[in-house]
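> Sequence first, predicted model second:
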Amino acid sequence: MKIGSKIILLSLVIGAMFFFAGEALAGLDLIFVIDLTGSMWDDIDEVKSQASAIVDEVAEVSGYRIAIVGYRDLPDPVTFEDFPFSRDKEEILENINSLTTSGGGDIPEAVYEALLRAINTEAIGNWRDGVSKAIILMGDAPPHEKGDIGSPPADYKYTLEDVARAAYEVDPANIYSVMIGDNSDAAEKFEELADETDGSFFSAAEAEDVPEKIIAAAKEIVEEAEKREKEETDWNKIILYIVIGLAVSFLVVIAIVVAIIIIVKKK
Ligand SMILES: [Ca+2]
């Protein structure tokens, strides 16, 4: 009886290990952080026209989810538009196609506020543990810096360092920035955001270049997620082989003990 219950226990352990190895923590949570102010109308139109190809690129990672945080500026009537994480392509396309542009006021926008809102994820359904985390930032204007008064005035409280620290603290989340147009201040800050968070910087001169740059960013994100997935799968395999090895040794010992008992009893 004792041996019987041990074998049952062992089978359960082996079964559980196979189960967890199959459930490798594979996945990607991607947030699009998109400038939705007036000047972005033609860029958003381009993104809409290629939305299906963009989502297909991200969907190369089987466990993908996509959320969107649209932003304008703090004095605008609607500063943020949140579309929670989804892995339903139709729903994601619907969200992209519902984006509308307006407002913005002065040239800089609430870029840091939007990134911190995305990194915090409270408004969009929270990051998952153990998956790759990335943000594609897309805009044509620089961030309002801490202490800016703005026009109309608003309370700007954050710096680029605040964003980089918050991104690092969530696993990290890597920022891939797509800068549109020729604002040199925006280009500098977008590049620094990517550098500080181990993401990449992309520059689109015209609206028609935007989808191509987003797809290039998505490709890099997918590659990184696949690399991470593979490393985790390898670890699961190593653990599985160790357990199988132990289980086999255990069974061999039991078989020898049983054989000895049978031989002793026969004598
Ligand atoms: Ca503004």
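On my side now, so go ahead.

> Can you show me the helices along the stretch 51-200 of the chain?
Assigned by DSSP state H, counting those that start in this stretch, the stretch 51-200 of the chain shows helices spanning 51-58, 89-97, 111-120, 160-169, 184-196.

> quick one: Leu81 and Gly147, what's the gap?
Quick fix: residue 81 is Glu, not Leu. Distance, Glu81 to Gly147, using C-beta to C-beta, to the nearest Å: 26 Å. To be clear about C-beta, it is placed using only N, CA and C from the backbone, and glycine gets the same treatment.

> What residue in this protein comes nearest to the ion?
Proximity of the chain to the ion (C-beta to the ion) peaks at Asp73, 3.7 Å away.

> Enumerate every residue touching Ile92.
By C-beta atoms under 8 Å, 6 or more residues apart in numbering, the residues touching Ile92 are Ala51, Val55, Ile66, Ser86.

> Spatially nearest residue to it, not counting backbone neighbours?
Spatial nearest neighbour of Ile92, excluding adjacent residues (C-beta to C-beta, 6 or more residues apart in numbering): Ile66 at 5.0 Å.

> which residues sit in contact with that neighbour?
Leu30, Ile31, Phe32, Val55, Val58, Phe85, Ser86, Arg87, Ile92.

> looking at the sheet around it, what are its partners?
Leu30, Ser86 (DSSP bridges).

> ok, back up a step: which one of Glu81 and Gly147 is surrounded by more residues?
Glu81 (18 against 9; other C-beta atoms under 10 Å).

> What residues are bridge-paired with the nearest residue to that one once chain neighbours are set aside?
Among residues not flanking Glu81 along the chain, Gly70 sits closest, at 3.8 Å (C-beta to C-beta, 6+ apart). Beta-bridge partners recorded for Gly70 (DSSP bridges): Ile34, Glu81.

> List the contacts of Gly70.
Ile34, Asp35, Leu36, Phe80, Glu81, Asp82, Phe83, Leu99.

> Going by neighbour count, which of those are buried?
The neighbour-count criterion (16 or more other C-beta atoms under 10 Å) marks Ile34, Asp35, Leu36, Phe80, Glu81, Asp82, Phe83, Leu99 among the contacts of Gly70 as buried.

> In stretch 163-172, which residues are buried?
Val163, Ala164, Ala166, Ala167, Pro172.

> Oops, could you answer that again for stretch 137-146 instead?
Neighbour-count burial for stretch 137-146 [16+ other C-beta under 10 Å]: Leu137, Met138, Gly139, Asp140, Ala141, Pro142, Pro143, His144.

> Pick out the most distant pair among those residues.
Met138 and His144 (17.2 Å; C-beta to C-beta).

> so who does the residue nearest to Lys133 when sequence neighbours are not counted touch?
Nearest residue to Lys133 in three dimensions, chain neighbours excluded: Ala173, at 4.0 Å (C-beta to C-beta, 6+ apart). For Ala173, the contact set (C-beta under 8 Å, 6+ apart) comprises Ile31, Ile119, Trp127, Lys133, Ala134, Ile135, Ala167, Thr197.

> can you check Leu99 too?
Ile34, Leu36, Ile44, Val47, Lys48, Ile68, Gly70, Glu81.

> can I assume Asp185 is in contact with His144?
No - applying C-beta atoms under 8 Å as the test, Asp185 and His144 come out as separate, 11.1 Å apart.

> okay, now Tyr176: neighbour count?
Tyr176: 27 neighbours (other C-beta under 10 Å).

> On the strand side of things, show who it bridges to.
Ile136.

> thought it was touching Ser132?
No - if you go by C-beta under 8 Å, Tyr176 and Ser132 don't touch, sitting 11.9 Å apart.

> now Val257, what's its secondary structure?
Of the three states, Val257 takes helix under DSSP: H, G, I helix; E, B strand; the rest coil.

> What about it, how many residues nearby?
11.
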